[in-house]
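> the following block contains a protein sequence and its predicted model.
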Amino acid sequence: MSDTLVPEGTMIGRRLERREDERLLTGHGGYLDDLDLPDALAAAFLRSPHAHAKIRSFDATEALALPGVIAVYSGADLMEIQKPLAPKVQHPQLRDYPRLPMPPVELHYVGEPLAVVVAESRYIAEDALELIEVDFEVLPAVASTAVALQENGPLAHSGDESNVAVLLTQSAGDAAKALAEAPNVLSEEFFVMRGGGHSMETRGVAARFEAATGQVTIWDTTQAPHYARQQLSVIYEMAEDDIRVIAPADVGGGFGPKAQFYGEEVVIPWVAMKLGRAVKWVEDRQENMVTSMMERSQTHRVDVAFDDNGLLLAVKDVIEHDQGAYCAGLQVPSITTSTVPGPYHVPNIAIELRACYTNMVPTSSVRGAGRPQAVFVMERMIDRIAEHLGLDPADVRRRNLIQADEFPYKVGIMFRDGSPLTYDSGNFPALLEGTLERIGYDEARERQAELRAEGRYVGIGLSVYIEGCGLGPYEGAKIRLTNKGRILVTLAAAGQGQGYETVYAQIAADGIGLDMDFIEVKTGDTSRIPFGQGTFASRITATCGPAVMDAAKQMRERLLDTAAVLLGCDASEVDFVGDKACLGGDLEKSVSLQQLAQTANIGKHGITMPRGIKAGIETSSYFSPERAAYASGAHAALVEVDPETGEIEILKYVIGHDCGNVINPLLVDGQVLGGFAHGIGNAMYEEPVYDVEGQPQATSYLDYALVSATEVPAVELFHIQTPSPLNPLGVKGAGEGGTIPAPATIANAVEDALRPLRARVTRAPITPARIVDAIHRAESTSADQD
Amino acid sequence: MKPGRFTYHSPRSLDEALATLQVYGDDAKVLAGGQSLMPMLNFRLARFEHLVDVNRVGAEYAEPTFGDTRITIPLLVRQRRVERSAEAAAALPVLTEALQQVAHPQIRNRGTICGSLAHADPAAELPSVLSVLDATFTIASSRGVREVPAEEFFLFHLTTSLEPDELLLQVSVPRPPANQFSAFREFATRRGDFALAGVAAVCEVDAAGVVTACRIAAAGVAPTPHRLTDVEALVTGASLHEDLWPDVEAAARAQVDPTGDIHASAEYRSRLTGVLVKRALADIRGKLEATRA
Amino acid sequence: MRDHATEFPTRTQDETHTVGCTVNGREYEAVVDPRMTLADFLREKLRLTGTHLGCEHGVCGACTVIVDGAATRSCLMLAVQADGAEVETVEGLAEDGELAPLQQAFKRNHALQCGFCTPGFLMSVTAALREESVTDEEQAREVLSGNICRCTGYTGLVKSVLEVAQGKESQGKDTEA
């Protein structure tokens, strides 16, 4: 994206390189495991080898005798902290099972922590794990939603009455009636597989207790330090001021799982306090594969009603959602329910959610958060409608899309933030048409026909999607003039590579009207700013951005007012030249930021403040959006499928993206393209398979396939910018849009390619083996019919 | 994911290495390139009292030799060394082709050819390739030296005929005749992954284009490199032509009995084997035609 | 062959070894447990924490360093095996505070986000470009394929490899510093 339209002197909208990069490129980043914590002990967790079991006995005698082992605690040894880790998003009808930090009695998934070893090194701690003896009573396990919902099937939690966590419905109009009366109805069942976040840096927690102040400092790779502090404050029964949670300046990726709160985050600081020693735990990849929360796994049974022109009349979708062993929050399934209608006019909607417990690692948000599944279902059905009516799938989309003049558009159901689902702005037809044009849609259709005649299978996949983002309740910023005469912007938000140090300096620079060089940004430390929510749901630009802008404007006023008093003029006559506030642009008549700090912030001990100067140049602002903003986009893929091997070659891929106004195009492109690679993983590769006993089967990167540069195709990316009316910057989220429609797009393209063979794609990821199996299934079905 | 404790031995000669194995063999593991062993140690999937690191037994074991009649690859030859060798590419193109598909350069820089063979992962590329190259495996111990062919070396999944006190000293193959053509085909989920199935094929072809000898082995579909003798019989005496492919495909499919796993069903692997055999033979035909053009 | 049995006293579990190696041109010597990996040695003994551990089983590539000229997974090598070796890590790429061309290209092309995988990519690509020329996108992707990045989608990485391979590091600046 070009920034030629950005006015001179304006930083917002500029394609700036990042300030973070230099340290990261030279090996001087400060990730959790890089921090200097002299004498820190290493922790390792003993984890359940069973999907469902009771602890009969626990014996750490041998482990404790191992030289270098400092302590071993089972869950039962730490009963004082065995309090529930509350679900992030609740519902009155949720049947919640307490998720304890380290359960003392019953364990509900493979990998659940049951004891912690603290030792001189991680090597020794792992030696000790092998010496702990636990006698388990193994219980029947639930390893799928299908088993969870079976009558008289096994129970994920012993003694429960059923595995259902919650049943929710969303409806608009009368879907049953519309389905009954419609000229055309199509039904299908889809399954979208689990997938993980797989940040390259795993989770980690380190903690040190300062007995002299009674304060504990916690370094945590969390996306939400204030959320962690709040949880800890309740569990430890400590004032929040005595708990300092720091998300290190460098966190190696988040993608959702690090926004959740885990037992290890409770246990490690507590153990550090008990021992009076610094303790560090860095999750290894083996642990990460089975204990970091996952997402996605849902079964959808969908019925769509439509008229003979392909106009949607009704959508009914019954969703089985795999909540995992506990409910870490209902955000994901509730987002799914509200994302199904997507960018289309759907007059009648009936969505039924059955979230159930299984004996697998709990699920929560992973980049996309409930949306990829909904888009998969809707976009697959749009293609099926086209197929059924012999229409072009692009035309069916055109006919059903909400038009650019229909905003704000009320869908008729509710969003997960508690407000009626209302799209704030967008231009879906422009996204679709721009994408079709760039993929060369009409030529591609012609080429497809030619190649089919040669026995080659080329397909085109399209998807249009919406993404609720920029969620509340609020995010904030503090801006202070430092004693050295520099501007310090402090955010509660913690970054994991999004470039906050750059982006928020850009916004503050525009708000203050000051060169970026004098502005520094700090993030993610609860001791620096009292309130915050965290980085999730593509929300920070749309919530923190306006807060920074507002605090920056206030800061400008404070700086200029103070300068005006010192210069003996009106504030309107003062502006910045470099780091000096000048009267009428005259450097001879100026005061520097340092002088302003000296006067208003440092002051002179015991001396009266100059008249008219307000002490303490510091501003703050918290922005609470009225409701979620809606980013949107369209994807198109041209693929060729080898029917013999099932190999999918992506020949061309186009993304049209609209996240409203853009602060830094370089970084927004990065978010979209990175999200897209994650989406390709979900579409074609990533599968954390569990067997029927609830044993995870893909527990290394040999079995869990993350995409490399050879799997991700080049992308042609374009943007349109429909500003959001919901915040003064007109921005929306950009973090997940690349991911959300990719599985649907690839699935549509693959089924389109294989249409002559009648192979059906009803599941993500779409793997070579499943493609070939589907082709042969279709062959034998048609053979049966012949 | 830190290795458990072990006693580390770093013998400075072959004799010392064999002597160490003689003493500790039952509780020892040989460490060569370590690209399969180290992950197992890090995962604590395997545990050995003694690790015998053979990397310092002598630089002479790190270079392949290209003799008039045989090509020999001693125990410390890194995969990358052979992959980048023009001599190897000329003499054993099928080995070069296969090596390029073994994981990634960072792994091949350290991984050894003999180490991969001794590890005997049935999904790995090298065992099937060395099988069709009619390799001789030279095994040494303090008790002496013995030689076995591939079919006696590979016994089962991750299991070879190496005794605890033995070391795979070298693998050698006869220098192929000028009329030998070869191909390696595999299909993996991602670049560098273990293959869902793989096929190594060599054919000797006479002036009339008739195959006079043929060896074909499949990887990833059986506990050891799986010689497709039925396909070999079909192809031997025939000329490589498209008309042959359906029979080849069917014969290959019929001769494998793979197991399904989380990555692919058994049926898919059988079908894939057939497809890969067909494509490998088509590659050979292509190479044959290229030389005659 | 001689019988060596008596020459090998049973070694104690707590045996340690001295490792002497050159890292980024500087000589180091340290006493290590034989099971310590090269990655942990660099990070913990030498406090060169730019080398990161992402998977500890050789797939993600974050720990890639250059050992005697060859890109190597430092999680799959023991520190004792590096005795006498020349090791290069990410900390050695910039000279006198000036980013190397590849580092500059990464910055220019937004080839990093969280930065955790970045040192491994830099070392893999540095080694690869010394060995072979890269002329097209396919080769660039091949060179990158032994490392995993979860953030960027590889676009900026591919561009960086191509630019540096083609000696374009100082041209085509379409971004502002």
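That came through fine.
> alpha carbons only for contacts and neighbour counts from here, please
Will do.
> tell me what whatever helix or strand A:Arg556 lives in is packed against?
Element membership for A:Arg556, per DSSP states H and E: helix A:540-567. Contact partners of helix A:540-567 among helices and strands, from 3 or more CA pairs under 8 Å, 6 or more residues apart in numbering or on different chains; DSSP states H and E: strand A:475-481, helix A:500-512, strand A:574-577, strand A:580-583, strand A:586-592, helix A:593-596, strand A:618-623.
> tabulate those (TSV), appending mean pLDDT, mean neighbour count and distance to C:Ala82.
Output for these, formatted as TSV (pLDDT from 0 to 100; neighbours: other CA atoms under 10 Å in any protein chain shown; distance: least, CA to CA, whole Å):
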stretch	mean pLDDT	mean neighbour count	distance to C:Ala82
strand A:475-481	97	26	48
helix A:500-512	97	25	38
strand A:574-577	96	22	55
strand A:580-583	96	25	55
strand A:586-592	95	16	55
helix A:593-596	97	22	52
strand A:618-623	97	20	53
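> tell me where chain B has helices.
Shown for chain B, the helices assigned by DSSP state H span residues B:14-24, B:37-42, B:79-83, B:86-91, B:93-99, B:105-108, B:113-119, B:125-132, B:150-153, B:229-235, B:245-255, B:266-292.
> interface residues of chain B facing chain C?
For chain B, the residues in contact with chain C (CA under 8 Å from any CA of the partner chain) are B:1-8, B:15-16, B:19-20, B:22-23, B:34-35, B:38-39, B:42-43, B:103-107, B:109-110, B:142, B:191-192.
> check these one by one and keep those near chain A.
B:Met1, B:Lys2, B:Pro3, B:Gly4, B:Phe43, B:Arg191.
> greatest separation within the residues you listed: which pair is it?
B:Gly4 and B:Arg191 (31.2 Å; CA to CA).
> now the stretch 501-650 of chain A against chain B: closest residue?
Closest contact between the stretch 501-650 of chain A and chain B, by CA to the nearest CA, is at A:Thr645 (6.1 Å).
> hmm, that residue is touching B:Leu272, no?
Yes - with contact defined as CA atoms under 8 Å, A:Thr645 counts as touching B:Leu272 (6.1 Å).
> those two: which has the busier surroundings?
Taking neighbours as other CA atoms under 10 Å in any protein chain shown, A:Thr645 and B:Leu272 compare with B:Leu272 leading, 27 against 20.
> among the ones next to chain A among the residues of chain B next to chain C, name the buried ones.
B:Met1, B:Lys2, B:Pro3, B:Gly4, B:Phe43, B:Arg191 (16 or more other CA atoms under 10 Å in any protein chain shown).
> the helices of chain B: which one's closest to B:Glu49?
Nearest of the helices of chain B to B:Glu49, taken as CA to CA: helix B:14-24 at 8.5 Å.
> check the offset of that closest one from the chain's centre.
Helix B:14-24 has its C-alpha centroid displaced from the chain centroid by 25 Å (CA atoms, centre = their mean, to the nearest Å).
> buried residues in that helix?
B:Leu14, B:Asp15, B:Glu16, B:Ala17, B:Leu18, B:Ala19, B:Thr20, B:Leu21, B:Gln22, B:Val23, B:Tyr24.
> contacting residues around the fifth one?
In this case it means B:Leu18. B:Ala140, B:Ser141, B:Ser142, B:Asp165, B:Glu166, B:Leu167 (CA atoms under 8 Å, 6 or more residues apart in numbering or on different chains).
> JSON lines for these, including distance to A:Glu352?
Formatted as JSON lines, those follow (distance: CA to CA, whole Å):
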{"residue": "B:Ala140", "distance to A:Glu352": "68"}
{"residue": "B:Ser141", "distance to A:Glu352": "69"}
{"residue": "B:Ser142", "distance to A:Glu352": "72"}
{"residue": "B:Asp165", "distance to A:Glu352": "65"}
{"residue": "B:Glu166", "distance to A:Glu352": "64"}
{"residue": "B:Leu167", "distance to A:Glu352": "63"}
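> separate out the buried members of those residues.
By neighbour count, with 16+ other CA under 10 Å, these hold B:Ala140, B:Ser141, B:Ser142, B:Asp165, B:Glu166, B:Leu167 as buried.
> just curious, which of those residues is nearest to chain C?
Distances from chain C to the buried ones among the contacts of B:Leu18, taken by CA to the nearest CA, are shortest for B:Ser142, at 6.3 Å.
> stretch C:87-101 close to chain B?
No - shown here: stretch C:87-101 not in contact with chain B (CA under 8 Å from any CA), separated by at least 14.0 Å.
> off-centre distance for that stretch?
Distance, centroid of stretch C:87-101 to centroid of chain: 12 Å (CA atoms, centre = their mean).
> can you give me the end-to-end span of it?
Terminal residues of stretch C:87-101 are spaced 20 Å apart (CA to CA, to the nearest Å).
> quick one: residues in contact with it.
Contacts for stretch C:87-101 (CA under 8 Å, 6+ apart): A:25-28, C:21-25, C:48, C:50-51, C:65-69, C:103, C:119-120, C:122-123, C:164, C:169.
> show me what counts as buried in that stretch.
Those would be C:Val87, C:Glu88, C:Thr89, C:Val90, C:Glu91, C:Gly92, C:Leu93, C:Ala94, C:Leu99, C:Ala100, C:Pro101, for stretch C:87-101 by 16+ other CA under 10 Å.
> ok, B:Asp165 touching B:Ala17?
No - between B:Asp165 and B:Ala17 there is no contact under CA under 8 Å: 9.6 Å.
> neighbours of residue 152, just the number please.
As the question left the chain open, I've gone with chain A. 10.
> meant chain C actually
Using other CA under 10 Å, C:Thr152 has 26 neighbouring residues.
> who's in contact with it?
Counted by CA under 8 Å, 6+ apart, C:Thr152 has contacts A:Gly670, A:Gln671, A:Leu673, A:Gly674, A:Gly675, A:Ala677, C:His110, C:Ala111, C:Leu112, C:Gln113.
> need the buried ones from these selected in PyMOL.
A single PyMOL command is used to select the members of the contacts of C:Thr152 judged buried by 16+ other CA under 10 Å:
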select buried, (chain A and resi 670+671+673+674+675+677) or (chain C and resi 110+111+112+113)
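> of the buried ones among the ones next to chain A among the residues of chain B next to chain C, which is the nearest to A:His226?
Looking across those and measuring by CA to CA, the closest to A:His226 is B:Met1, at 30.4 Å.
> which pLDDT value goes with the residue lying closest to the closest one once chain neighbours are set aside?
In space, and not counting its chain neighbours, B:Met1 is closest to B:Asn42: 4.7 Å by CA to CA, 6 or more residues apart in numbering or on different chains. Note on B:Asn42: pLDDT of 98.
> what is the burial count for B:Asn42?
B:Asn42, neighbours per other CA under 10 Å, totals 22.
> burial measure for the closest residue to chain A within the stretch 151-293 of chain B, as a count.
Nearest residue of the stretch 151-293 of chain B to chain A: B:Ala264, at 5.2 Å (CA to the nearest CA). Residues near B:Ala264, counting by other CA under 10 Å, number 19.
> equivalent analysis for A:Tyr97, please.
A:Tyr97 - counted by other CA under 10 Å - has 18 other residues nearby.
> OK, contacts around it?
Here A:Tyr97 is in contact with A:Tyr326, A:Cys327 (CA under 8 Å, 6+ apart).
> pick the most deeply packed of the helices of chain B.
helix B:125-132 (a mean of 28; mean count of other CA atoms under 10 Å in any protein chain shown).
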